[in-house]
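# With the input below, show me the fold.
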Amino acid sequence: ILFRISSADSTKIPAADSMVVLCDRIVAELNTSASGYIDAIEYKADDSSMNQVLSAIDENLPYFLEEYDYSILDSLTGTQAISNKVEENYKTLTGPAGMTMGRFIVKDPLGLNFIAYKKLQSLKGNEEISLYDEHFFSKDNKNLLFFLSPKFSSSETSRNKDFSDLLEKIVNEQISGGDLKVTYFGAPLVAAGNAAQIRKDIILTSSLTILLLVLMVAWFFRRIRYSLLMIFPVVFGAAFALAMIYLFKGSISVIAIGAGSVVLGIAVNYSLHFLMHQRYHGNVKEAIKELAFPMTMGSLTTIGGFLSLQFVKAPVLQDLGLFAALCLVGAAISSLVFLPHFISKDIVVSTRTEGELSAYEKLMGRLKKNKRLGILFICLTPILLFFAKDVSFEDDMNKINYMSPSLKQAESEMNRLSSFYHKSVFVVATGNSLNEALEKSESAIPQINRMKNEGVINSSTGVSSFIISEKEQAIRLTRWNDFWSKGKKEQVLNDLKEE
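Reported below is the predicted structural model:
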């Protein structure tokens, strides 16, 4: 999760010291109140780690030098270059900088290690980050940045939702009454907000669906009891599906449950068909006899369609297909086996005549006798197919996720701050051993450099300049030994002694 501290008034430049103080307060409060949710917080530069890196370079310089570095190395070890460097070192040692640069000059009087030191800039990833009081600032000093690594992955939305609420509370308490604001953004927050919104949507859509179905059936049958009977197979189907998933799978995507309102509309058809047949026949056995085969075949085709989603690669679609199929199985069984036991045997059979048909029934009766309508639909089909082929599909997968207005604003501000926070692509090299993975990683470098030169990518950051395979180590060591021939060593040592 990336945090950004800036001025609440975009026209003002905040005091860097004030942002540092606020950052330290927030970090201290997070470590105290939210330590169970946090793995690490990066808010200060670690000098000790940098010293270890520099020492490693000093002791293993040949392994950090690439082929193109030797032209620089050759120029630094020339007679005139050595004379200029010794003079420069003398001025440095006798000046104010001598206290800090002295140890570097003693170890490396010619400054050869700085060839490798400069490669550390490739790990920086962003030229627009600077340091102030060991804290990370944007280059214009208007924004202080720090990073938080949550203890739980993005998939653990329940715990991340609790952390998100606690984080919001801590930040609001710390900035209350001040002239600074804090924005933060990260995948765990998006996932937690997405899951919370889906839960709300599930409750809303399912409740509306059930309410509308109950009202429609109550209006049609003129009996509230029939509304409840119609809903019972649907509820049983949902409970059956969740129970089976718990027993055989254990978990399911919340998005799959979110499609419950669609499945409700399909599942309710089973009980509705039975109640309609019962209304016009008045005999439960006859209704079951007429419906058993067509309902079974109809449900099998629908269930088979949902189960076909098991062959797709997207886990969420697999969960949706499984949940919907099991829900329909439970609803069909309930409608044919359990529902008849709750139907009154003294129900009056509908004996309406042609003149007593409703306006809707009369309209449907006339339409089914109109052959011109069939010809019209046949003619419309190729026309519709012609326009259907031009439909475009949304290719931005980020629009599938729900983000609250505050998270959208935070993402927008982070993206405006620097190109470093735009969407990144991670290239991962794997192998049976570390050495094999390193060799594969090194093979990708020429292609990445080519894409940078062509402007396909803005920049790249990697460890291939510092952590190299055994094969590359041998090549670089041989190149180093070839450079320092006996004559080259003697020339450099003699020039240093003369100076």
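
# secondary structure element for the nearest residue to F342 once chain neighbours are set aside?
In space, not counting the residues next to it along the chain, F342 is nearest to L229; the distance is 5.7 Å by C-beta to C-beta, 6 or more residues apart in numbering. To be clear about C-beta, it is placed using only N, CA and C from the backbone, and glycine gets the same treatment. Assigned by DSSP states H and E, L229 belongs to helix 224-248.

# counting contacts, what elements does that helix pack onto?
Other helices and strands packing on helix 224-248, by 3 or more C-beta pairs under 8 Å, 6 or more residues apart in numbering; DSSP states H and E, are helix 187-221, helix 260-281, helix 315-333.

# Distance from the chain centre to the helix or strand following it, please.
Scanning forward in sequence from helix 224-248 by DSSP H and E, the next helix or strand is helix 254-258. Remark: helix 254-258 is offset 17 Å from the chain centroid, using C-alpha atoms, centre = their mean, to the nearest Å.

# got the contact list for stretch 486-499?
T77, T79, I82, S83, V86, E87, P109, L110 (C-beta atoms under 8 Å, 6 or more residues apart in numbering).

# Pull the most distant pair out of those residues.
T77 and E87 (15.8 Å; C-beta to C-beta).

# Compare the two and say which is more crowded by neighbours.
T77 (20 against 11; other C-beta atoms under 10 Å).

# What residues does the more buried one make contact with?
L110, L112, K488, Q491, V492.

# From K488, how far off is it?
Distance, T77 to K488, by C-beta to C-beta, to the nearest Å: 7 Å.

# One more: L438?
Relative to K488, and taking C-beta to C-beta, L438 is found at 30 Å.

# So these two - more neighbours on which side?
Higher neighbour count among L438 and K488: L438, with 21 against 13, using other C-beta under 10 Å.

# Which strand or helix spans the more buried one?
Counting by DSSP H and E, the element that carries L438 is helix 434-454.

# Report the buried residues of that helix.
Using 16 or more other C-beta atoms under 10 Å as the test for burial, helix 434-454 gives A437, L438, E439, S441, E442.

# Can you tell me what sits against it?
Helix 434-454 has contacts (C-beta under 8 Å, 6+ apart) with 427, 429-431, 457-460, 462, 464, 467-472.

# What is the most widely separated pair among these?
N458 and E470 (32.1 Å).

# how near is D482 to E490?
Applying C-beta to C-beta to D482 and E490 gives a distance of 16 Å.

# Surely R4 forms part of a strand?
Yes: looking at R4 with DSSP: H, G, I helix; E, B strand; the rest coil, it is inside a strand.

# Assess the claim that it and F147 are in contact.
No: shown here, R4 and F147 do not form a contact pair, counting by C-beta atoms under 8 Å, at 10.6 Å.

# With neighbour numbers in mind, choose between those two.
Shown here are R4 and F147; by other C-beta under 10 Å, R4 has more neighbours (21 against 14).

# Return the distance of that one relative to P14.
12 Å.

# so how far is F114 from Q121?
Applying C-beta to C-beta to Q121 and F114 gives a distance of 12 Å.

# let me redo that: D162
Distance from D162 to F114, by C-beta to C-beta: 49 Å.

# in the stretch 1-150 of the chain, which spans are strands?
Assigned by DSSP state E, counting those that start in this stretch, the strands in the stretch 1-150 of the chain fall at 2-7, 38-42, 129-132, 135-138, 144-150.

# For the first one, name the packing helices and strands.
Right, the one you point to is strand 2-7. Using 3+ C-beta pairs under 8 Å, 6+ apart: strand 2-7 touches helix 16-33, strand 144-150, strand 180-185, helix 405-417.

# What strands line up against it, and which way round?
In the sheet, strand 2-7 lines up against strand 144-150 (antiparallel), strand 180-185 (antiparallel) (DSSP bridges).

# May I see the buried residues of whichever strand or helix holds S164?
If you go by DSSP H and E, S164 is part of helix 157-175. Under the neighbour-count criterion of 16+ other C-beta under 10 Å, helix 157-175 has T157, R159, N160, K161, F163, S164, L167, I170, V171, Q174, I175 buried.

# now the residues you listed in a markdown table, with pLDDT and distance to T32?
Listed next are the buried residues of helix 157-175 as a markdown table, based on pLDDT from 0 to 100; distance: C-beta to C-beta, whole Å:
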| residue | pLDDT | distance to T32 |
| --- | --- | --- |
| T157 | 80 | 25 |
| R159 | 87 | 18 |
| N160 | 87 | 19 |
| K161 | 88 | 21 |
| F163 | 91 | 14 |
| S164 | 90 | 18 |
| L167 | 92 | 13 |
| I170 | 92 | 9 |
| V171 | 91 | 14 |
| Q174 | 89 | 12 |
| I175 | 87 | 17 |
